[in-house]
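Enquirer: Fold the following and give me the result.
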Amino acid sequence: MERLELDGEGGVVIPAEWAAERLGVPLAAFLADLRAGRVYSLMERGEGEDAGRLRATLRNRARELRVVVEAATGRVIAVEAGRG
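Expert: Below is the predicted model:
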């Protein structure tokens, strides 16, 4: 079972290597974009039937990665990657 680290402030930590692989970009290019401010993120907390879940979205150029995790454990529930 795959897990991501929780940051203690209601979010999830997504390792650069993990994100770059799922986005299909070389790690060096992803890190360069990250340092240059070309990687954007959004953290959402589930409500209603999605309560207890977090959805993290990363956008890097024309690519997007969405990760849904259990808020209590960091267990990865779903991963979607593609063109944004």
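Enquirer: just checking, what packs against the lowest-mean-pLDDT helix or strand in the chain?
Expert: One helix or strand of the chain scores below all others by mean pLDDT, DSSP states H and E: strand 76-83, with a mean of 93. Counting contacts by 3 or more C-beta pairs under 8 Å, 6 or more residues apart in numbering; DSSP states H and E, strand 76-83 is packed against helix 16-23, strand 63-70. In this view, the C-beta of every residue, glycine as well, is placed from N, C-alpha and C.
Enquirer: Of these, flag the one that's most buried.
Expert: strand 63-70 (a mean of 20; mean count of other C-beta atoms under 10 Å).
Enquirer: How far off centre is that one?
Expert: 4 Å (C-alpha atoms, centre = their mean, to the nearest Å).
Enquirer: likewise stretch 30-43?
Expert: Its chain's C-alpha centre and that of stretch 30-43 lie 11 Å apart, by C-alpha atoms, centre = their mean.
Enquirer: could you give the mean pLDDT of it?
Expert: Averaged over stretch 30-43, pLDDT sits at 96.
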